[in-house]
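Trainee: I'll drop the sequence and a predicted model, then ask my questions.
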Amino acid sequence: MLDAPDREDQLAESDRRSGSTPWWQSLQAASTRRGLLLTALGGLLIAGLITALPAGEDGRSPIGLIGGTSIGARGSDTFDHAKSGDCLNWPERTPDAAQVVDCKDEHRFEVSEAIDMRTFPGSEYGPDAAPPSPARIQQISSEQCQASARQYLGAKYDPNGKFSVSLLWSGDKAWRQSGERRMLCGLQLPGPNNQQLVFRGKIANVDQSKVWSAGTCLGIDPATNQPTDIPVDCGAPHAMEVTGSVNLAEKFPDALPAEADQDAFVKDSCTRMTDAYLAPIQLRSTTLTLIYSTIALPSWSAGSHQVSCSIGATLGNGGWSTLLNSAKGPLAINGQSPVPPPDIPGERLNLPPIPMPPSVDTSSQTSSQIDISQSDQSDQSSQGNQTPQGNAHLPGQQTAPTGTGNTGTTPSTSGAPPPPQGNTFLNGPPPAPAPPMDGPPLDGPPPPGDAPPPAPGAPPGPAPGPAEPAPVAPILPPPGQ
C-alpha cells in the first residue's frame, strides 16, 4: 500500500527537486530492511493518513513514503474518530480512502485502542517536538500496542496466532503542520509485498491459527535465516512451502488433547497431505523435511485449533535454508539443486515372506528335560548309596580312607588293605591310594588313628639321644649267709 496513483507525478517532481532517489527505487533497494520494520509496525502505509518509516539507504534517515501529499477530508475524519473495536478498510493501493466499515465485511485493520500522545508527560510529543524516529515508533508500538492488544482481546488473544500487532500514525507532515498526535493500536494480517490481507469478522470470533492455503511460500529473513511468516512468491527466497493444514478440533472436539496425541494425529495427517500435494514427486527426493507444530493451551483457549503442514530444511546452526521455487518445480536449496538419495530397490521394499518353522510345544520339552534331570539325579543318588560316603571317584581327587560307623574299628596301620565291607568291584579292587598330594584339605576332621602330617616346610625336630640303661636290681646274698 503506497500512494494514490494520481499523485506519483507530484512525488517524482519533488524527488527531482531535492536531488534524492525516487522513493519507489529506495523501497526496492531497501526491501529487506523495510520488510523487517513493517513486520514490527504492522506494515500499514496509508497515504496522507498513516506512514510507516523504514530505514533509508544509509541506515539513518527515514524514507518519506508520502511526505508531500495532503490529507483527504475522508481520511482525516476516519483517523480522528476511529476508536477501539472499529474496523478499517481501503481499496488496494489507495489507502487514503480508508474508512470505518462493519467488521463482518472485509477489512484490513482492527483498532484495539486510540492513543492521544499529547496526554503523555514530557516534551517528546509537545507542539514543537520533532516526529518520532523509526526506532522510536517501534518502541512505542512495543510499549503501547502489545499491552493494548492483550487487554482488548483478553482470553481470545493468541500469542502464536497469524495476526500481528501494529501501530498507525499520521505521518511527518500531519505531525509538523497539523499537530496530529493521535495513534491507533490494532491488529492486521500481513500479506505479500508488505500489503495487508483482508479478513472478515472480529478477531476474537475467528480462528487465529497461523495457517495458509497449500502452495503458499513463507519468506525468510536473510540476516537471521529465520522464517518471517509472511507469504511471498515462491520464486523469491523463502524458508518454507505450505502443503496443507490440519484441524485438530475434528478429532478432538472438546478439551485440548495431550501433546503425544496431537503429535500422532498431526504427523499422520500432514504426511498424507504432503504426499498428495507433491505427487508424483516424493518428499525424500526433494531432501526437504516435513514441518508441523502442536497447539499450546493459550492458543487453544483463544479458539485456534489448526496447525500448518510445511516443508523446508534447517541448517546446523539453528537457521533455515533459503529455498527458491516450489518443491514441485526446479527447486534450489541455498543456490544448489537437491541431490536425491539413491532409490531403495523394489525387492527391498517388498521382501518375500520368510517361512517360519512349525511351532513346537515348548512346555513338553521343558517337562521332558525336567524328567531327565530328575532321572539323572535319582541314578546318582542310588550310586551314592552303594558307594561309601566321600568315595566319589573323580579325576584328580585324593581318596581318603574313612571309618565305618557300624564296627567302630580303626583302619590298620600295617599297610594291609582292609577287608571289603559291602562294596563289590566287578573288575577287581581299585588301585592302591595314590601318595598324598598337595591340595585343599578335605572337609571334616581326619579319621581316627591317623596322625596329622607335619606342616609342609617345617624344620625337623632334634635327633633323639642315647637310651638310658635299665636300672640294675641289687644282688642279695643267699639266705643263711
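Mentor: All right, it came through fine.

Trainee: helices or strands next to the longest strand anywhere in the chain in the packing?
Mentor: For the chain, the strand that runs over the most residues, judged by DSSP state E, is strand 238-247. In terms of contacts (3 or more CB pairs under 8 Å, 6 or more residues apart in numbering; DSSP states H and E), strand 238-247 is packed against strand 217-221, strand 226-232, helix 259-278, strand 306-312, strand 323-324. All C-beta atoms are positioned from the backbone trio N, CA, C, and that covers glycine.

Trainee: Check which residues of stretch 143-162 are buried.
Mentor: By neighbour count on 16 or more other CB atoms under 10 Å, the buried set for stretch 143-162 is Q144, C145, S148, A149, Y152, L153, K156, Y157, D158, G161, K162.

Trainee: Touching, the first one and C185? I think so.
Mentor: Yes - under the criterion of CB atoms under 8 Å, Q144 lies in contact with C185, with a separation of 5.9 Å.

Trainee: which residues are in contact with both of the two?
Mentor: Common contacts of Q144 and C185 (CB atoms under 8 Å, 6 or more residues apart in numbering): E113, I115, L167.

Trainee: Out of these, which comes closest to P132?
Mentor: Closest approach to P132 among those (CB to CB): L167, at 10.3 Å.

Trainee: can you map out the strands along the stretch 251-400 of the chain?
Mentor: 289-291, 306-312, 323-324, 332-333 (DSSP state E, counting those that start in this stretch).

Trainee: got the angle for the second one vs strand 217-221?
Mentor: For strand 306-312 against strand 217-221, the angle by axes from the mean of the first three to the mean of the last three CA atoms, to 10 degrees is 70 degrees.

Trainee: Go ahead and name everything in contact with strand 306-312.
Mentor: Residues from elsewhere that reach strand 306-312 (CB under 8 Å, 6+ apart): 207, 209-212, 218, 227, 239-248, 266, 269-270, 273-274, 283, 286, 288-295, 320-321, 323, 327.

Trainee: before we move on, back to that, out of the strands of the stretch 251-400 of the chain, which comes closest to C87?
Mentor: Nearest of the strands of the stretch 251-400 of the chain (CB to CB): strand 306-312, 22.9 Å.

Trainee: Could you give the average pLDDT over the closest one?
Mentor: The average pLDDT within strand 306-312 is 97.

Trainee: Over to stretch 163-175?
Mentor: pLDDT averaged over stretch 163-175 gives 85.

Trainee: what about dumping the CA coordinates of that stretch to CSV?
Mentor: The C-alpha coordinates for stretch 163-175 follow below in CSV (Å, rounded to 0.1, in the frame of the first residue of the first chain):
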residue,chain,number,x,y,z
PHE,A,163,-2.5,-11.6,13.3
SER,A,164,0.3,-9.2,14.2
VAL,A,165,0.1,-6.1,16.4
SER,A,166,0.7,-2.8,14.6
LEU,A,167,0.6,0.9,15.0
LEU,A,168,-1.0,3.6,12.8
TRP,A,169,0.1,7.2,13.0
SER,A,170,-0.5,10.3,10.9
GLY,A,171,3.0,10.8,9.4
ASP,A,172,5.6,13.5,9.4
LYS,A,173,3.5,16.2,7.6
ALA,A,174,0.5,15.9,9.8
TRP,A,175,2.7,15.8,12.9
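
Trainee: Just the buried positions in that stretch, please.
Mentor: 163-175.

Trainee: need those in a markdown table with secondary structure, can you?
Mentor: Below are those laid out as a markdown table (DSSP: H, G, I helix; E, B strand; the rest coil):
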| residue | secondary structure |
| --- | --- |
| F163 | coil |
| S164 | strand |
| V165 | strand |
| S166 | strand |
| L167 | strand |
| L168 | strand |
| W169 | strand |
| S170 | coil |
| G171 | coil |
| D172 | helix |
| K173 | helix |
| A174 | helix |
| W175 | helix |
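
Trainee: Pick out the most distant pair among those residues.
Mentor: F163 and K173 (29.2 Å).

Trainee: May I see the buried residues of stretch 143-162 organised as JSON lines, with distance to D261 and secondary structure added?
Mentor: As requested, these are exported to JSON lines (distance: CB to CB, whole Å; DSSP: H, G, I helix; E, B strand; the rest coil):
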{"residue": "Q144", "distance to D261": "40", "secondary structure": "helix"}
{"residue": "C145", "distance to D261": "36", "secondary structure": "helix"}
{"residue": "S148", "distance to D261": "36", "secondary structure": "helix"}
{"residue": "A149", "distance to D261": "31", "secondary structure": "helix"}
{"residue": "Y152", "distance to D261": "33", "secondary structure": "helix"}
{"residue": "L153", "distance to D261": "28", "secondary structure": "helix"}
{"residue": "K156", "distance to D261": "24", "secondary structure": "helix"}
{"residue": "Y157", "distance to D261": "25", "secondary structure": "coil"}
{"residue": "D158", "distance to D261": "21", "secondary structure": "coil"}
{"residue": "G161", "distance to D261": "22", "secondary structure": "coil"}
{"residue": "K162", "distance to D261": "24", "secondary structure": "coil"}
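
Trainee: For P345, state which of those is nearest.
Mentor: K162 (44.2 Å).

Trainee: residues in contact with that closest one?
Mentor: So, once contact is read as CB under 8 Å, 6+ apart, K162 ends up touching L189, Q208, S209, K210, V211, D229.

Trainee: same thing but 10 Å
Mentor: Going by CB atoms under 10 Å, 6 or more residues apart in numbering, K162 touches 187, 189-190, 197, 199, 203, 206-212, 229, 304, 306, 308.

Trainee: Now tabulate the buried residues of stretch 163-175 in TSV and tack on distance to D86.
Mentor: Shown next, in TSV, are the buried residues of stretch 163-175 (distance: CB to CB, whole Å):
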residue	distance to D86
F163	16
S164	18
V165	16
S166	14
L167	15
L168	11
W169	16
S170	16
G171	20
D172	24
K173	24
A174	19
W175	22
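
Trainee: For A155, see how far away S209 is.
Mentor: Computed as CB to CB, to the nearest Å, the S209 to A155 distance reads 16 Å.

Trainee: Dump the helices and strands packed on strand 238-247 into CSV; add mean neighbour count as well.
Mentor: Below are these laid out as CSV (neighbours: other CB atoms under 10 Å):
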stretch, mean neighbour count
strand 217-221, 23
strand 226-232, 18
helix 259-278, 16
strand 306-312, 24
strand 323-324, 22
